[in-house]
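K.L.:
Okay, here's the prediction I keep looking at, along with the sequence it came from:
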Amino acid sequence: MKLYLAAAVLMLVLAVHTEAQDEPTLEQRFATFQTQVKEIADDLTEKTKTTFQKLDESEFATKTKNWFSEQYEKVKQKLSESFN
């Protein structure tokens with residue numbers, strides 16, 4: 001009877017020891033967290049860059065830039081006429 005009990009306790013200890021080794025250490029958790037944060041930041045950077053490029057190339061942005069350029073040239077021309 002004692003042999004069965006000793007074998008059962010030994011198997012239990014072995015199972016607990018195996019499970020304990022599978023858990024990641026604190027250092028491993030920080031490494032995976034760092035990797036995840038880097039991936040999120042890279043993804044966010046790429047999405048932001050793409051959004052600003054689309055905005056810059058949009059028809060509204062192009063028309064607005066052209067309008068401001070025309071207004072600037074008109075003001076510049078009027079000022080040069082006034083001071084000459």
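P.N.:
Arrived safely, thanks for sending. All figures in this text were calculated on a predicted structure; none of them were measured in a lab.

K.L.:
per-residue confidence at residue 21?
P.N.:
pLDDT, residue 21: 58.

K.L.:
what's the closest non-adjacent residue to residue 24?
P.N.:
Excluding the flanking residues, the one nearest residue 24 by CB to CB, 6 or more residues apart in numbering is residue 32, at 7.3 Å. Where you see a C-beta, it was placed from the backbone N, CA and C, and this is true even at glycine.

K.L.:
check contacts around residue 78.
P.N.:
Going by CB atoms under 8 Å, 6 or more residues apart in numbering, residue 78 touches no other residue.

K.L.:
Now it: phi and psi?
P.N.:
When quoted as degrees, to the nearest 10, the phi and psi of residue 78 stand at phi -60, psi -40.

K.L.:
From residue 71, how far out is it?
P.N.:
Distance, residue 78 to residue 71, using CB to CB, to the nearest Å: 11 Å.

K.L.:
what do you get for residue 37?
P.N.:
Counting by CB to CB - residue 37 and residue 71 are separated by 45 Å.

K.L.:
ditto for residue 44
P.N.:
36 Å.

K.L.:
got it, and residue 12?
P.N.:
Going from residue 12 to residue 71 by CB to CB gives 83 Å.

K.L.:
Pick out the residue nearest the middle of this structure.
P.N.:
Nearest residue to the geometric centre of the chain (CA atoms, centre = their mean): residue 41, 2.0 Å.

K.L.:
Quick one: low-confidence residue ranges for the chain.
P.N.:
1, 4, 17-22 (pLDDT under 70).

K.L.:
In terms of helices and strands, where is the residue nearest to the centre of the chain?
P.N.:
Using DSSP states H and E, residue 41 maps to helix 26-57.

K.L.:
I'd like to know which elements that helix is packed against.
P.N.:
The contact analysis (3 or more CB pairs under 8 Å, 6 or more residues apart in numbering; DSSP states H and E) places helix 26-57 against no helix or strand.
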